[in-house]
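In: okay, sequence plus prediction incoming.
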Amino acid sequence: MLTVRSILLASSALMFAAPALAQGPAPAADAQASADSQGATDAKDEIVVTAVARGQNRLDSSVSVSSINAGAIANAAPRSAAELFRSLPGIRSESSGG
């Protein structure tokens, strides 16, 4: 009986420790390449899409990307962030009043 209990305790300890081992550090080569590509262009003119696994240029992205500059925000004169987001396709926002 003691052996079965020991095996169950050991297996449960391994089961809880497994997620900690699943995540490893990010490869340094990818981080360096990303930093080099961002430094090569002007940061004000580039939009980097970070909603995907790896940051990439807006034009290279396979998903729809919307951007709003300060002039467009000033022209829209939104009273809240919800009003601003209503102008973006695919985003539904509500003012909850709270």
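Out: Perfect, thanks for sending it.
In: shaky segments in this protein?
Out: 1-2, 14-63, 95-98 (pLDDT under 70).
In: please redo it, this time with the cut-off set to 80
Out: Scanning the chain for pLDDT under 80 picks out 1-2, 4-68, 81, 85-98.
In: doesn't Leu9 lie inside a helix?
Out: Yes. Assessed by DSSP: H, G, I helix; E, B strand; the rest coil, Leu9 belongs to a helix.
In: and it, what does it touch?
Out: Listed by C-beta atoms under 8 Å, 6 or more residues apart in numbering, the contact set of Leu9 is empty. No exception for glycine: its C-beta is placed from N, CA and C like everyone else's.
In: from here on, call the first residue 52.
Out: New numbering, starting at 52: the last item is Leu60.
In: gap between it and Arg143?
Out: Applying C-beta to C-beta, to the nearest Å, the value for Leu60 to Arg143 is 50 Å.
In: likewise Ser62?
Out: To Arg143, Ser62 is 46 Å away according to C-beta to C-beta.
In: and the gap between Ile58 and Ala64?
Out: For Ile58, the distance to Ala64 (C-beta to C-beta) stands at 11 Å.
In: revised request: answer the last question for Gly141.
Out: Gly141 is 45 Å from Ala64, by C-beta to C-beta.
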